[in-house]
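# Could you look at this predicted model? Sequence included:
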Amino acid sequence: MSGHSKWASIKHKKAATDAKRGKIFTRYIKEITVAAKISGDPESNARLRHAIEGAKSVNMPNENIKKAIMRGTGELDGVNYEEIVYEGYGPCGVVVLVETLTDNKNRTVAEIRYVFDKYNGNLGDHGCVSWMFSRKGIIIISKSSINEDDLMEVALESGAEDMKVEDEDYEIFTTIEDFEAVLNAIKSKNIKVESAEISMIPSTYINLEGKQAQQMLKLSDKIEELDDVQNVWSNFDISDEDIEEYNNSL
């Protein structure tokens, strides 16, 4: 799972400084608004709590967070968003899940289909690839923060399913139910967390190189740029060199 997780880590590190900051804020505002419809109390609403923590991690002002919650609870007028997941394929049979929050599904599907078609992909039918993914928690820790054995002990004792070692990071995987307990245990040890989120983890990966890797990164990036898109998940695995080449081309 190295390629996808590395790409997620790079996007997280860029989030606070790159030109897409406005999109990141919009994404969290939508998520907070939808989560707050369940309950405006983050103590009893894990989804809202995670959304607020994510918003704070990219330095969203508290006033923005408060207003998003109030829109969700109905205290302020707001847009009614619908959650829709789209599924498709990229180069070499790579599978793609696209999570959206939209107030106009006809607009959203048209925009997503256009990007798939333009960047050598295909939008598929509902259920065509979602069976290949499992929803898991993933926590990324920099190797500079702690040694492997100490982190392994904290992670496994707090309920983590697995831990993988990458070039610069550790990746800790959890069930949805244990995600918060593992994350809190790590934070209680004053270990710096690079990113922590509920992700869709694929069961198998496809390695891409060269032109195909560049096409897949472009497809993923262009889908993420769409206003209604919240998350893009895929099963591509690529090298650090291909990621660097793509970033240098931007």
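Thanks, I have it.
# domain ranges for the protein?
16-73, 82-131+204-249, 133-202 (automatic domain parsing).
# any chance of these in TSV, with mean pLDDT and mean neighbour count too?
For every residue, glycine as well, the C-beta is placed using N, CA and C. Formatted as TSV, the domains of the chain follow (pLDDT from 0 to 100; neighbours: other C-beta atoms under 10 Å):
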stretch	mean pLDDT	mean neighbour count
domain 16-73	88	18
domain 82-131+204-249	92	18
domain 133-202	92	17
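# does the nearest residue to residue 231 once chain neighbours are set aside sit in a helix, a strand or a coil?
The spatial neighbour of residue 231 that comes closest, neighbours along the chain excluded (C-beta to C-beta, 6 or more residues apart in numbering), is residue 99 at 4.3 Å. Here residue 99 is recorded as strand under DSSP: H, G, I helix; E, B strand; the rest coil.
# Distance of residue 99 relative to residue 128?
Per C-beta to C-beta, to the nearest Å, residue 99 is found 15 Å from residue 128.
# Residue 36 now?
Look at residue 36 and residue 128: by C-beta to C-beta, they are 32 Å apart.
# For the residue nearest to residue 231, give me its contacts.
83, 85, 229-233 (C-beta atoms under 8 Å, 6 or more residues apart in numbering).
# if you look at those, which of them are in strands?
Using DSSP state E, the subset of these located in strands is 83, 85, 229-233.
# wait, which of the residues you listed is closest to residue 148?
Minimum distance to residue 148 across the ones in strands among the contacts of residue 99 is 26.7 Å, recorded for residue 233 (C-beta to C-beta).
# Specify the beta-bridge partners of that closest one.
residue 97 (DSSP bridges).
# was I right about it contacting residue 199?
Yes. Look at residue 233 against residue 199 with C-beta atoms under 8 Å: they come within range, at 6.8 Å.
# Tell me which stretches of the protein form helices.
For the chain, the helices defined by DSSP state H occupy 2-14, 21-36, 46-57, 62-73, 105-118, 148-157, 176-188, 210-224, 240-249.
# Format the ones you listed as JSON lines; extra columns: distance to residue 165.
As requested, the helices of the chain are exported to JSON lines (distance: least, C-beta to C-beta, whole Å):
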{"stretch": "helix 2-14", "distance to residue 165": "10"}
{"stretch": "helix 21-36", "distance to residue 165": "28"}
{"stretch": "helix 46-57", "distance to residue 165": "24"}
{"stretch": "helix 62-73", "distance to residue 165": "35"}
{"stretch": "helix 105-118", "distance to residue 165": "34"}
{"stretch": "helix 148-157", "distance to residue 165": "6"}
{"stretch": "helix 176-188", "distance to residue 165": "16"}
{"stretch": "helix 210-224", "distance to residue 165": "23"}
{"stretch": "helix 240-249", "distance to residue 165": "15"}
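# quick one: residue 215 and residue 120 touch, right?
Yes. The criterion here is C-beta under 8 Å, and residue 215 meets it with residue 120 at 5.2 Å.
# Now do the shared contacts for these two.
Any residue near both residue 215 and residue 120 by C-beta under 8 Å, 6+ apart counts here, and that gives 90-91.
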